[in-house]
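# Build me a structure from this.
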Amino acid sequence: MTVKEIFSAQEEKMKKAIDALRRELASLRAGRATPALLDKISVDYYGSPTPVNQVANISVPEPRMITIQPWEKTMLAAIEKAILKSDLGLTPSSDGVIIRLSIPQLTQQRRTELAKVIHKKAEEARVAVRNIRRDANDSVKKLEKDKMISEDETKKAQEDMQKLTDRYIKEIDMVMTTKEKEIMEV
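Residues are numbered from 1 along each chain as shown. This next block holds a predicted model:
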C-alpha cells in the first residue's frame, strides 16, 4: 500500500464521519417540521423493525406539522406507539387515516439542551476524524519501518495528514455552528 492509497482511504473515512454527523444533526428537532425527524423511529412490521418512512408517506404540509399516512391502516397504532416511545417528545394525533405531529415552539431551556447535544455529537465526529488520522499515521510509520519509504517521506505524509485532519475538523465546526444557529433562532 502506498502513501497515496492510505491518504485516499482515510480521506474517504473522514468524509463519511462528516456525513454521519450531518445525518445525526438532521434528526434533531429545530422547532420546524422536517421528515428527517422520523428517520430514527422504527416500527414492528410483520416481526421486523422497519423505519417509519418505509411503511408510510411522510409529508410536511405546514412549517410546524408533519403528517404520516401509513400504507396499511393496521400500522397506524404501531407508528403512534413508536413515536410516543421515541425521544422526540411529540404526541401524535390520529383521525384513523393520518397521524399528525404538531411541532411546538422550542423553549429556551430545550434550545440550550439541544445545543449541548450538538456539541457532543460534533466532538464525537472530531474524535472519529482524529482516530482516522492516527490510523493513517500508523500505516505510514509501518511503511517506513518496512523500509518502503524514507524518514523524510514519513514526515511529509504526517504533515499532509495533519492538514487534511485540520480541514475536516474545521468543516465539522462549521456544521456544528450552522445547526446551533438554526436551533437558537427563535
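
# start to end distance for stretch 61-70?
16 Å (C-alpha to C-alpha, to the nearest Å).

# got a list of contacts for it?
Identification of contacts with stretch 61-70 by C-beta atoms under 8 Å, 6 or more residues apart in numbering yields 31-35, 37-38, 52, 55-60, 76, 79, 92, 97-104. Bear in mind the C-beta positions are built from the backbone N, C-alpha and C, glycine included.

# repeat for stretch 176-186
So stretch 176-186 is contacted by 25, 28, 30-31, 106, 111, 114-115, 118-119, 121-122 (C-beta under 8 Å, 6+ apart).

# The same query, at a cut-off of 7 Å, please.
25, 30, 111, 114-115, 118-119, 122 (C-beta atoms under 7 Å, 6 or more residues apart in numbering).

# Mean confidence (pLDDT) on stretch 19-38, please.
The pLDDT scores in stretch 19-38 average 78.

# mind checking the SS state of the nearest residue to residue 35 once chain neighbours are set aside?
Leaving aside its sequence neighbours, residue 35 sits nearest to residue 58 (C-beta to C-beta, 6 or more residues apart in numbering; 4.5 Å). Per DSSP: H, G, I helix; E, B strand; the rest coil, the secondary structure class of residue 58 is strand.
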